[in-house]
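> Build me a structure from this.
(2 chains)
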Amino acid sequence: MATHADAHAAHGAHDDAHAGDHATHAHGQQHPLGVYFKIWGLLFVLSIASYLVDYFHLQGVLRWSLILIFMFLKAGLIVAVFMHMMWERLALVYAIVVPPLLLVTLLAIGALEADYTFVTRGVFFGKEAAAAPAPAKPH
Amino acid sequence: MAPHDATGTVGTLHDPTGLQTVVADFSSDQRAFKNVPWGKPMMWIFLVSDTFIFGSFLISYMTVRGSTQVPWPNPSEVFSLMMFGKNVPLLLIAIMTFVLISSSGTMALAVNYGYRRDRTTTFWLLIATAVLGATFVGMQAFEWTKLIMEGVRPWGNPWGAAQFGSCFFMITGFHGTHVTIGVIFLIIVATKVRRGDLDANRPGFLTGRRGNYEIVETMGLYWHFVDLVWVFIFAFFYLW
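Purely as a prediction, here's the structure:
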(Lines give C-alpha, C1' and ligand atoms only; values in the text may rest on other atoms or scores of the structure.)
Protein backbone atom coordinates (compact mmCIF):
# COMPACT_ATOMS: atom_id res chain seq x y z
CA MET A 1 0.00 0.00 0.00
CA ALA A 2 2.82 2.39 0.94
CA THR A 3 4.49 2.08 -2.46
CA HIS A 4 1.14 2.72 -4.06
CA ALA A 5 0.67 5.99 -2.19
CA ASP A 6 4.30 6.98 -2.87
CA ALA A 7 3.86 6.28 -6.55
CA HIS A 8 0.76 8.42 -6.50
CA ALA A 9 2.52 11.29 -4.77
CA ALA A 10 5.38 11.03 -7.25
CA HIS A 11 2.87 11.08 -10.07
CA GLY A 12 1.28 14.23 -8.64
CA ALA A 13 4.69 15.93 -8.38
CA HIS A 14 5.44 14.92 -11.95
CA ASP A 15 2.17 16.45 -13.08
CA ASP A 16 2.94 19.70 -11.25
CA ALA A 17 6.37 19.89 -12.84
CA HIS A 18 4.82 19.58 -16.26
CA ALA A 19 1.76 21.71 -15.56
CA GLY A 20 2.97 24.19 -18.15
CA ASP A 21 2.91 21.76 -21.05
CA HIS A 22 -0.30 20.11 -19.87
CA ALA A 23 -2.04 21.37 -22.99
CA THR A 24 0.11 19.15 -25.21
CA HIS A 25 -0.27 16.13 -22.91
CA ALA A 26 -1.41 13.02 -24.79
CA HIS A 27 -4.64 12.51 -22.78
CA GLY A 28 -5.44 16.19 -22.34
CA GLN A 29 -8.02 16.28 -25.20
CA GLN A 30 -7.19 19.89 -26.05
CA HIS A 31 -8.58 21.04 -29.38
CA PRO A 32 -9.15 24.42 -31.04
CA LEU A 33 -12.42 26.10 -30.01
CA GLY A 34 -13.45 26.55 -33.65
CA VAL A 35 -14.10 22.80 -33.97
CA TYR A 36 -16.70 22.93 -31.20
CA PHE A 37 -18.46 25.98 -32.64
CA LYS A 38 -18.65 24.39 -36.10
CA ILE A 39 -20.12 21.15 -34.74
CA TRP A 40 -22.49 23.12 -32.51
CA GLY A 41 -23.75 25.00 -35.57
CA LEU A 42 -24.09 21.76 -37.55
CA LEU A 43 -26.15 20.18 -34.77
CA PHE A 44 -28.50 23.17 -34.83
CA VAL A 45 -28.87 22.94 -38.62
CA LEU A 46 -29.55 19.18 -38.46
CA SER A 47 -32.13 19.67 -35.67
CA ILE A 48 -33.93 22.35 -37.69
CA ALA A 49 -33.86 20.02 -40.71
CA SER A 50 -35.41 17.13 -38.78
CA TYR A 51 -38.03 19.47 -37.32
CA LEU A 52 -38.90 20.68 -40.83
CA VAL A 53 -39.52 17.05 -41.86
CA ASP A 54 -42.44 17.09 -39.43
CA TYR A 55 -43.46 20.68 -40.13
CA PHE A 56 -43.94 20.02 -43.86
CA HIS A 57 -45.77 16.73 -43.12
CA LEU A 58 -43.47 14.58 -45.26
CA GLN A 59 -44.76 11.00 -45.17
CA GLY A 60 -43.72 7.45 -45.91
CA VAL A 61 -40.25 6.28 -46.86
CA LEU A 62 -39.00 9.85 -47.47
CA ARG A 63 -39.96 10.88 -43.91
CA TRP A 64 -38.38 7.83 -42.25
CA SER A 65 -35.17 7.93 -44.27
CA LEU A 66 -34.69 11.67 -43.62
CA ILE A 67 -35.34 11.24 -39.88
CA LEU A 68 -32.82 8.39 -39.70
CA ILE A 69 -30.18 10.23 -41.73
CA PHE A 70 -30.40 13.38 -39.57
CA MET A 71 -30.47 11.25 -36.40
CA PHE A 72 -27.34 9.28 -37.29
CA LEU A 73 -25.49 12.42 -38.40
CA LYS A 74 -26.30 14.17 -35.12
CA ALA A 75 -25.41 11.11 -33.02
CA GLY A 76 -22.16 10.64 -34.94
CA LEU A 77 -21.11 14.28 -34.52
CA ILE A 78 -21.84 14.24 -30.78
CA VAL A 79 -19.94 11.00 -30.16
CA ALA A 80 -17.01 11.76 -32.49
CA VAL A 81 -16.32 15.40 -31.58
CA PHE A 82 -18.10 16.41 -28.36
CA MET A 83 -17.26 13.09 -26.68
CA HIS A 84 -13.78 13.13 -28.30
CA MET A 85 -14.13 9.61 -29.74
CA MET A 86 -12.25 10.50 -32.95
CA TRP A 87 -9.17 11.40 -30.92
CA GLU A 88 -9.26 8.40 -28.55
CA ARG A 89 -7.11 5.26 -28.70
CA LEU A 90 -8.44 2.74 -31.19
CA ALA A 91 -8.72 0.08 -28.46
CA LEU A 92 -11.10 2.30 -26.46
CA VAL A 93 -13.11 3.21 -29.56
CA TYR A 94 -13.70 -0.46 -30.43
CA ALA A 95 -14.42 -1.42 -26.80
CA ILE A 96 -17.19 1.22 -26.63
CA VAL A 97 -18.66 1.38 -30.13
CA VAL A 98 -18.86 -2.34 -31.00
CA PRO A 99 -20.95 -3.72 -28.04
CA PRO A 100 -24.05 -1.54 -28.77
CA LEU A 101 -24.22 -3.20 -32.21
CA LEU A 102 -25.67 -6.17 -30.30
CA LEU A 103 -28.83 -4.09 -29.99
CA VAL A 104 -29.44 -4.77 -33.70
CA THR A 105 -30.19 -8.39 -32.73
CA LEU A 106 -32.72 -7.20 -30.15
CA LEU A 107 -34.19 -4.86 -32.76
CA ALA A 108 -34.67 -7.77 -35.19
CA ILE A 109 -36.29 -9.94 -32.49
CA GLY A 110 -38.58 -7.03 -31.52
CA ALA A 111 -39.63 -6.46 -35.14
CA LEU A 112 -40.39 -10.16 -35.72
CA GLU A 113 -42.38 -10.36 -32.49
CA ALA A 114 -44.33 -7.18 -33.31
CA ASP A 115 -45.25 -8.49 -36.75
CA TYR A 116 -46.37 -11.82 -35.32
CA THR A 117 -48.47 -10.18 -32.56
CA PHE A 118 -50.01 -7.76 -35.08
CA VAL A 119 -51.12 -10.59 -37.35
CA THR A 120 -52.40 -12.70 -34.43
CA ARG A 121 -54.44 -9.77 -33.10
CA GLY A 122 -55.84 -9.22 -36.57
CA VAL A 123 -57.00 -12.83 -36.71
CA PHE A 124 -58.53 -12.95 -33.21
CA PHE A 125 -59.79 -9.39 -32.62
CA GLY A 126 -60.24 -8.20 -36.21
CA LYS A 127 -64.04 -8.21 -36.06
CA GLU A 128 -64.26 -6.42 -32.68
CA ALA A 129 -61.75 -3.76 -33.76
CA ALA A 130 -63.76 -3.09 -36.92
CA ALA A 131 -66.95 -2.69 -34.87
CA ALA A 132 -65.36 -0.37 -32.24
CA PRO A 133 -65.93 3.42 -32.61
CA ALA A 134 -63.05 5.41 -34.16
CA PRO A 135 -60.75 7.05 -31.58
CA ALA A 136 -60.97 10.82 -31.06
CA LYS A 137 -58.50 13.19 -32.78
CA PRO A 138 -56.26 15.23 -30.45
CA HIS A 139 -57.41 18.86 -30.04
CA MET B 1 5.97 -5.15 -3.28
CA ALA B 2 8.94 -4.07 -5.35
CA PRO B 3 8.23 -2.17 -8.54
CA HIS B 4 8.41 -4.24 -11.68
CA ASP B 5 11.93 -4.45 -13.07
CA ALA B 6 10.72 -5.12 -16.56
CA THR B 7 8.71 -1.93 -17.10
CA GLY B 8 9.29 -0.27 -20.41
CA THR B 9 10.02 -3.48 -22.30
CA VAL B 10 7.33 -2.46 -24.78
CA GLY B 11 9.89 0.00 -26.12
CA THR B 12 11.96 -2.86 -27.52
CA LEU B 13 9.14 -3.78 -29.89
CA HIS B 14 8.36 -1.74 -32.97
CA ASP B 15 5.45 0.68 -32.56
CA PRO B 16 2.19 -0.94 -33.72
CA THR B 17 -0.15 0.89 -36.06
CA GLY B 18 -3.87 0.67 -36.89
CA LEU B 19 -5.61 -2.50 -35.73
CA GLN B 20 -2.33 -3.75 -34.26
CA THR B 21 -2.62 -1.05 -31.57
CA VAL B 22 -5.92 -2.64 -30.47
CA VAL B 23 -4.30 -6.07 -30.15
CA ALA B 24 -1.25 -4.56 -28.43
CA ASP B 25 -3.44 -2.66 -25.93
CA PHE B 26 -5.67 -5.60 -25.03
CA SER B 27 -2.77 -8.07 -24.77
CA SER B 28 -0.64 -5.71 -22.69
CA ASP B 29 0.27 -5.79 -19.02
CA GLN B 30 -1.57 -4.02 -16.16
CA ARG B 31 -3.98 -1.81 -18.12
CA ALA B 32 -5.64 -2.05 -21.52
CA PHE B 33 -6.13 1.60 -22.46
CA LYS B 34 -2.68 3.20 -22.30
CA ASN B 35 -2.50 6.91 -21.47
CA VAL B 36 -6.26 7.08 -20.92
CA PRO B 37 -7.16 8.42 -17.45
CA TRP B 38 -8.99 5.70 -15.46
CA GLY B 39 -12.14 7.74 -14.98
CA LYS B 40 -12.80 7.95 -18.69
CA PRO B 41 -13.17 4.21 -19.52
CA MET B 42 -15.17 3.84 -16.30
CA MET B 43 -17.65 6.50 -17.45
CA TRP B 44 -17.73 5.03 -20.96
CA ILE B 45 -18.51 1.55 -19.65
CA PHE B 46 -21.35 3.02 -17.56
CA LEU B 47 -22.63 4.83 -20.64
CA VAL B 48 -22.55 1.61 -22.69
CA SER B 49 -24.67 -0.10 -20.03
CA ASP B 50 -27.04 2.89 -20.11
CA THR B 51 -27.16 2.59 -23.90
CA PHE B 52 -28.49 -0.93 -23.41
CA ILE B 53 -31.18 0.32 -21.00
CA PHE B 54 -32.39 3.07 -23.34
CA GLY B 55 -31.99 0.70 -26.30
CA SER B 56 -34.29 -1.81 -24.57
CA PHE B 57 -36.87 0.93 -23.89
CA LEU B 58 -36.86 2.18 -27.47
CA ILE B 59 -37.00 -1.32 -28.96
CA SER B 60 -39.86 -2.37 -26.67
CA TYR B 61 -41.64 0.88 -27.63
CA MET B 62 -41.12 -0.03 -31.30
CA THR B 63 -42.45 -3.54 -30.61
CA VAL B 64 -45.69 -2.39 -28.92
CA ARG B 65 -46.22 0.33 -31.52
CA GLY B 66 -45.76 -2.19 -34.32
CA SER B 67 -48.02 -4.80 -32.74
CA THR B 68 -51.10 -2.71 -31.92
CA GLN B 69 -54.15 -2.84 -34.19
CA VAL B 70 -55.45 0.47 -32.81
CA PRO B 71 -53.95 3.55 -34.56
CA TRP B 72 -51.05 5.23 -32.73
CA PRO B 73 -51.81 8.83 -31.59
CA ASN B 74 -50.13 11.27 -33.98
CA PRO B 75 -47.26 12.83 -31.95
CA SER B 76 -47.19 15.81 -34.29
CA GLU B 77 -50.72 16.72 -33.11
CA VAL B 78 -50.44 15.49 -29.52
CA PHE B 79 -47.37 17.65 -28.83
CA SER B 80 -48.51 20.73 -30.72
CA LEU B 81 -48.89 24.09 -28.97
CA MET B 82 -51.22 27.01 -29.66
CA MET B 83 -49.08 30.01 -30.58
CA PHE B 84 -50.54 33.31 -31.86
CA GLY B 85 -53.83 31.57 -32.57
CA LYS B 86 -52.10 28.92 -34.70
CA ASN B 87 -51.45 25.28 -33.90
CA VAL B 88 -47.68 24.77 -34.27
CA PRO B 89 -46.74 21.06 -34.37
CA LEU B 90 -44.09 19.78 -31.93
CA LEU B 91 -43.15 23.33 -30.90
CA LEU B 92 -42.29 22.57 -27.28
CA ILE B 93 -40.26 19.49 -28.26
CA ALA B 94 -38.31 21.51 -30.83
CA ILE B 95 -37.47 24.15 -28.20
CA MET B 96 -36.42 21.40 -25.75
CA THR B 97 -34.16 19.93 -28.43
CA PHE B 98 -32.46 23.29 -29.03
CA VAL B 99 -32.04 23.91 -25.30
CA LEU B 100 -30.35 20.53 -24.87
CA ILE B 101 -28.05 21.03 -27.87
CA SER B 102 -27.09 24.46 -26.55
CA SER B 103 -26.24 22.90 -23.19
CA SER B 104 -24.09 20.31 -24.99
CA GLY B 105 -22.17 23.13 -26.66
CA THR B 106 -21.52 25.00 -23.40
CA MET B 107 -20.42 21.70 -21.82
CA ALA B 108 -17.91 21.04 -24.62
CA LEU B 109 -16.51 24.55 -24.14
CA ALA B 110 -16.35 24.00 -20.36
CA VAL B 111 -14.16 20.90 -20.87
CA ASN B 112 -11.89 22.89 -23.19
CA TYR B 113 -11.52 25.82 -20.79
CA GLY B 114 -10.99 23.36 -17.94
CA TYR B 115 -7.88 21.95 -19.59
CA ARG B 116 -6.70 25.55 -20.11
CA ARG B 117 -7.06 25.95 -16.32
CA ASP B 118 -9.32 28.95 -16.78
CA ARG B 119 -11.33 28.52 -13.58
CA THR B 120 -13.77 31.42 -13.93
CA THR B 121 -14.79 30.66 -17.52
CA THR B 122 -15.10 26.92 -16.80
CA PHE B 123 -17.27 27.63 -13.76
CA TRP B 124 -19.67 29.91 -15.63
CA LEU B 125 -19.89 27.53 -18.61
CA LEU B 126 -20.75 24.66 -16.25
CA ILE B 127 -23.39 26.80 -14.55
CA ALA B 128 -24.82 27.76 -17.96
CA THR B 129 -25.01 24.05 -18.82
CA ALA B 130 -26.79 23.32 -15.54
CA VAL B 131 -29.27 26.18 -16.08
CA LEU B 132 -30.07 24.96 -19.62
CA GLY B 133 -30.48 21.41 -18.25
CA ALA B 134 -32.83 22.64 -15.53
CA THR B 135 -34.80 24.57 -18.18
CA PHE B 136 -35.15 21.35 -20.15
CA VAL B 137 -36.47 19.47 -17.10
CA GLY B 138 -38.88 22.34 -16.38
CA MET B 139 -40.29 22.19 -19.91
CA GLN B 140 -40.62 18.45 -19.61
CA ALA B 141 -42.59 18.87 -16.36
CA PHE B 142 -44.86 21.33 -18.23
CA GLU B 143 -45.32 18.79 -21.05
CA TRP B 144 -46.16 15.99 -18.59
CA THR B 145 -48.67 18.22 -16.79
CA LYS B 146 -50.34 19.19 -20.06
CA LEU B 147 -50.64 15.58 -21.21
CA ILE B 148 -51.92 14.34 -17.85
CA MET B 149 -54.56 17.14 -17.83
CA GLU B 150 -55.62 16.00 -21.30
CA GLY B 151 -56.20 12.51 -19.96
CA VAL B 152 -53.05 10.59 -20.95
CA ARG B 153 -52.39 7.73 -18.51
CA PRO B 154 -49.99 4.77 -18.67
CA TRP B 155 -53.02 2.57 -19.37
CA GLY B 156 -54.85 4.70 -21.90
CA ASN B 157 -55.46 8.02 -23.64
CA PRO B 158 -58.31 9.67 -25.58
CA TRP B 159 -56.67 9.41 -29.02
CA GLY B 160 -55.76 5.81 -29.78
CA ALA B 161 -53.42 2.98 -28.77
CA ALA B 162 -53.33 2.61 -24.98
CA GLN B 163 -49.60 1.79 -25.08
CA PHE B 164 -48.79 5.40 -26.04
CA GLY B 165 -48.94 6.63 -22.43
CA SER B 166 -46.80 3.92 -20.88
CA CYS B 167 -44.10 4.32 -23.56
CA PHE B 168 -44.15 8.11 -23.24
CA PHE B 169 -43.92 8.23 -19.44
CA MET B 170 -41.30 5.47 -19.25
CA ILE B 171 -38.94 6.78 -21.93
CA THR B 172 -39.14 10.53 -21.28
CA GLY B 173 -39.32 9.98 -17.53
CA PHE B 174 -36.12 7.94 -17.50
CA HIS B 175 -34.42 10.51 -19.72
CA GLY B 176 -35.61 13.39 -17.52
CA THR B 177 -34.22 11.58 -14.47
CA HIS B 178 -30.85 11.39 -16.20
CA VAL B 179 -30.95 15.12 -16.98
CA THR B 180 -31.86 15.92 -13.36
CA ILE B 181 -28.99 13.84 -11.99
CA GLY B 182 -26.71 15.51 -14.54
CA VAL B 183 -27.75 18.99 -13.34
CA ILE B 184 -26.96 18.04 -9.73
CA PHE B 185 -23.51 16.73 -10.69
CA LEU B 186 -22.84 19.78 -12.88
CA ILE B 187 -23.39 22.00 -9.85
CA ILE B 188 -21.05 19.81 -7.76
CA VAL B 189 -18.30 19.88 -10.41
CA ALA B 190 -18.77 23.63 -10.94
CA THR B 191 -18.33 24.20 -7.19
CA LYS B 192 -15.13 22.15 -7.21
CA VAL B 193 -13.80 24.16 -10.14
CA ARG B 194 -14.63 27.50 -8.51
CA ARG B 195 -13.04 26.55 -5.16
CA GLY B 196 -9.87 25.48 -6.96
CA ASP B 197 -10.10 21.87 -5.73
CA LEU B 198 -8.93 20.62 -9.10
CA ASP B 199 -5.86 22.88 -9.25
CA ALA B 200 -4.88 21.89 -5.69
CA ASN B 201 -5.43 18.15 -6.46
CA ARG B 202 -7.68 17.99 -3.40
CA PRO B 203 -9.32 14.57 -2.97
CA GLY B 204 -13.07 14.57 -3.54
CA PHE B 205 -16.09 13.54 -1.49
CA LEU B 206 -16.10 9.78 -0.73
CA THR B 207 -12.78 9.19 -2.50
CA GLY B 208 -9.08 9.39 -1.82
CA ARG B 209 -8.37 10.01 -5.51
CA ARG B 210 -6.88 13.40 -6.24
CA GLY B 211 -9.07 15.79 -8.17
CA ASN B 212 -7.97 17.09 -11.57
CA TYR B 213 -9.54 18.60 -14.65
CA GLU B 214 -10.24 15.17 -16.13
CA ILE B 215 -13.39 15.04 -13.97
CA VAL B 216 -14.78 17.93 -16.04
CA GLU B 217 -14.29 15.84 -19.17
CA THR B 218 -15.87 12.79 -17.49
CA MET B 219 -18.83 14.98 -16.48
CA GLY B 220 -18.95 16.16 -20.10
CA LEU B 221 -19.16 12.56 -21.37
CA TYR B 222 -22.23 11.97 -19.21
CA TRP B 223 -23.87 15.22 -20.30
CA HIS B 224 -23.26 14.62 -24.02
CA PHE B 225 -24.69 11.12 -23.58
CA VAL B 226 -27.92 12.61 -22.19
CA ASP B 227 -28.08 14.79 -25.31
CA LEU B 228 -27.31 11.75 -27.47
CA VAL B 229 -30.20 9.77 -25.99
CA TRP B 230 -32.51 12.72 -26.67
CA VAL B 231 -31.47 12.62 -30.36
CA PHE B 232 -32.80 9.05 -30.54
CA ILE B 233 -35.95 9.78 -28.51
CA PHE B 234 -36.68 12.84 -30.69
CA ALA B 235 -36.34 10.77 -33.86
CA PHE B 236 -38.15 7.61 -32.80
CA PHE B 237 -40.81 8.86 -30.43
CA TYR B 238 -41.69 12.38 -31.53
CA LEU B 239 -40.94 12.42 -35.26
CA TRP B 240 -41.68 8.84 -36.33
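> Please make it C-alpha for all contacts and neighbour counts, starting now.
Will do.
> Low-confidence ranges, chain B, go.
Counting by pLDDT under 70, the ranges of chain B that qualify are B:1-14, B:205-208.
> so where do the strands sit in it?
With DSSP state E as the criterion, chain B has strands at B:81-83, B:86-88.
> Between those strands, which one is closest to chain A.
strand B:86-88 (8.3 Å; Cα to the nearest Cα).
> Please list the residues outside the closest one that contact it.
Here strand B:86-88 makes contact (Cα atoms under 8 Å, 6 or more residues apart in numbering or on different chains) with B:S80, B:L81, B:M82.
> cool, stretch B:168-181 as well?
By Cα under 8 Å, 6+ apart, stretch B:168-181 touches B:54, B:57-58, B:133-134, B:137, B:140, B:154, B:223, B:226, B:229-230, B:233, B:237.
> One more: stretch B:193-201?
In this structure, residues lying in contact with stretch B:193-201 by Cα under 8 Å, 6+ apart are B:R117, B:R119, B:T120, B:T122, B:F123, B:K192, B:P203, B:R210, B:G211, B:N212, B:Y213.
> so which of the contacts of stretch B:168-181 is the most crowded?
B:G133 (30 neighbours; other Cα atoms under 10 Å in any protein chain shown).
> Please indicate which of the contacts of strand B:86-88 are buried?
B:S80, B:L81 (16 or more other Cα atoms under 10 Å in any protein chain shown).
> can you redo the contacts of strand B:86-88 as CSV with distance to chain A?
Shown next, in CSV, are the contacts of strand B:86-88 (distance: Cα to the nearest Cα, whole Å):
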residue, distance to chain A
B:S80, 9
B:L81, 10
B:M82, 10
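> Give me the average confidence score over stretch A:56-74.
Over the span of stretch A:56-74, the pLDDT mean works out to 90.
> How about it and chain B, any contact?
Yes - Stretch A:56-74 reaches chain B (Cα under 8 Å from any Cα of the partner chain) through A:W64, A:I67, A:L68, A:M71, A:K74.
> Adding distance to B:D25, write the contacts of strand B:86-88 out as TSV.
Listed next are the contacts of strand B:86-88 as TSV, based on distance: Cα to Cα, whole Å:
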residue	distance to B:D25
B:S80	51
B:L81	53
B:M82	56
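> Can you get me a residue count around A:Y94?
Residues within reach of A:Y94, counting by other Cα under 10 Å, total 12.
> ok, now the one 10 residues further on?
Per other Cα under 10 Å, the neighbour tally for A:V104 reads 12.
> what about it, which SS state?
helix (DSSP: H, G, I helix; E, B strand; the rest coil).
> residues touching it, list them.
With Cα under 8 Å, 6+ apart, A:V104 has no contacts at all.
> Counting neighbours, what do you get for B:Q20?
For B:Q20, using other Cα under 10 Å, the count is 13.
> and what of the one 5 residues further on?
Here the neighbour count serves as a burial measure; for B:D25 (other Cα under 10 Å) it reads 18.
> Kindly state the pLDDT recorded for the residue nearest to A:M85 when sequence neighbours are not counted?
Nearest non-adjacent residue to A:M85, counting by Cα to Cα, 6 or more residues apart in numbering or on different chains: A:V79, 6.0 Å away. In this model, A:V79 is scored at 92, pLDDT.
> Count the neighbours of A:V79 for me.
Other residues close to A:V79 by other Cα under 10 Å number 17.
> Over to A:V61?
Neighbours of A:V61 (other Cα under 10 Å): 9.
> quick one on the thing from earlier: just name the closest of the contacts of stretch B:193-201 to A:G60, please.
A:G60 lies nearest to B:T122 out of the contacts of stretch B:193-201, by Cα to Cα, at 45.2 Å.
> Would you quantify the distance from the closest residue to that closest one other than its chain neighbours to B:R117?
Closest residue in space to B:T122, ignoring its immediate chain neighbours: B:A110 at 4.8 Å, by Cα to Cα, 6+ apart. Distance, B:A110 to B:R117, by Cα to Cα, to the nearest Å: 10 Å.
> That'll do, ta.
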